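Engineer: the following block contains a protein sequence and its predicted model.
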Amino acid sequence: MQFHSMSTISLLTAVVFLLLVLLCCTRSLWTAATAMLSLLVKSRKLLLVVAMMVAVLLLNSLELTWEQNYSYSADFTPWVFQLEGHFVSFFQQLFHAPGVTLVVSFFYLVVFQALILASLFIYAGDGRQLFVYATCCTVMLNYLVALPFYALFPVNEVWSYPPSGAAFYMLEAFPEFNTLYRPLSGINNCFPSLHTSVSVSMAMLAIRSGNRKWAIAATASAAIIVFSIFYLGIHWLTDMIGGLLLATLASGLGLKWARRLDRSANPSLPSSDWSKKRA
């Protein structure tokens with residue numbers, strides 16, 4: 001099995017999103033969907049925060065366009081290679097197999113984005129408005145911190161740096177990756193790894209939310225996504241460490257930011273747990 005189009009990836013993302021909400025929300029899929037819609041309709045503040053998150057995500061594509069039109073030519077890839085050597089190449093040799101390639105590519109391409117969407121609906125369905133805000137704030141912080149590094153501290157993907165000896169196994173699962181997916185992900189936008197930081201951030205929030213099923217699913221998904229960045233030959237160990245640090249920072253600050261937003265939205269509540277309001 002191979003991925004052949006972005007429409008296939010989008011369809012699979014929708015399926016995974018629905019499965020995650022169905023399996024991990026403490027209430028029904030319908031309840032989660034109607035609760036999320038109700039929040040967006042009733043809360044202009046939340047609608048604005050969601051719109052801000054979408055705008056920040058769009059900044060990533062704008063940053064890629066901007067890169068192509070400015071003359072900054074620094075390349076920190078040799079410095080990173082001197083720091084960690086052939087770690088990624090050695091890692092790949094330990095695990096390479098066709099079945100593994102398909103699974104990790106699926107998590108890298110599909111599950112990664114489904115985690116963000118599922119987080120919003122699961123927390124809405126569980127009556128956790130605070131964590132709906134926290135998801136949006138955390139995603140925004142991840143991207144806002146990473147984008148300046150991508151612009152000013154460019155590091156190329158491991159496979160594209162010949163001395164690393166790493167292979168690009170993504171092409172085994174998605175032969176058109178460089179044509180169809182590459183416009184969404186610059187080849188020199190490696191440090192920090194957003195696949196690491198965002199997925200680990202979603203896991204950290206899931207653990208703190210108190211939803212055990214979602215915490216297990218999000219943590220397992222994040223672990224596989226982190227595995228995938230090395231296995232596929234995309235990110236350096238340095239990128240992953242930067243991603244973990246960013247995840248810790250973004251999830252912590254994102255939750256604090258969310259508490260302030262949620263308290264102002266519900267000023268009469270001493271706690272920002274929306275479920276208490278509904279009870």
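Structural biologist: Good, I have the coordinates.

Engineer: every contact and neighbour count from this point should use C-alpha atoms.
Structural biologist: Will do.

Engineer: buried residues, stretch 81-90. List them.
Structural biologist: 81, 85-86, 88-89 (16 or more other C-alpha atoms under 10 Å).

Engineer: please dump the residues you listed into a markdown table; it should also carry distance to Thr13, pLDDT and secondary structure for every row.
Structural biologist: What follows is the buried residues of stretch 81-90, written out as a markdown table (distance: C-alpha to C-alpha, whole Å; pLDDT from 0 to 100; DSSP: H, G, I helix; E, B strand; the rest coil):
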| residue | distance to Thr13 | pLDDT | secondary structure |
| --- | --- | --- | --- |
| Phe81 | 34 | 98 | helix |
| Gly85 | 35 | 95 | coil |
| His86 | 33 | 97 | coil |
| Val88 | 28 | 98 | helix |
| Ser89 | 29 | 97 | helix |
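
Engineer: would you mind confirming that Pro154 is in contact with Ala74?
Structural biologist: Yes: with contacts counted by C-alpha atoms under 8 Å, Pro154 reaches Ala74, the gap being 6.8 Å.

Engineer: the more surrounded of those two?
Structural biologist: Taking other C-alpha atoms under 10 Å, Pro154 and Ala74 do not tie; Pro154 has more neighbours (22 against 11).

Engineer: mind listing the helices for the stretch 51-200 of the chain?
Structural biologist: Taking DSSP state H, counting those that start in this stretch as the criterion, the stretch 51-200 of the chain carries its helices at 77-84, 87-95, 98-106, 112-125, 129-152, 170-173, 194-209.

Engineer: average pLDDT for the fifth one?
Structural biologist: Okay, so that is helix 129-152. Mean per-residue pLDDT for helix 129-152: 96.

Engineer: which strands and helices sit next to it?
Structural biologist: helix 44-67, helix 112-125, helix 194-209, helix 237-265 (3 or more C-alpha pairs under 8 Å, 6 or more residues apart in numbering; DSSP states H and E).

Engineer: nearest to Pro148, of these?
Structural biologist: In terms of C-alpha to C-alpha, the element of the helices and strands packed on helix 129-152 nearest to Pro148 is helix 44-67, at 9.1 Å.

Engineer: what residues of the closest one count as buried?
Structural biologist: In helix 44-67, counting by 16+ other C-alpha under 10 Å, buried: 45-47, 49-50, 53, 56-57, 60, 64, 67.

Engineer: now swap in stretch 181-201 and tell me
Structural biologist: So stretch 181-201, judged by 16+ other C-alpha under 10 Å, has buried residues 186-201.
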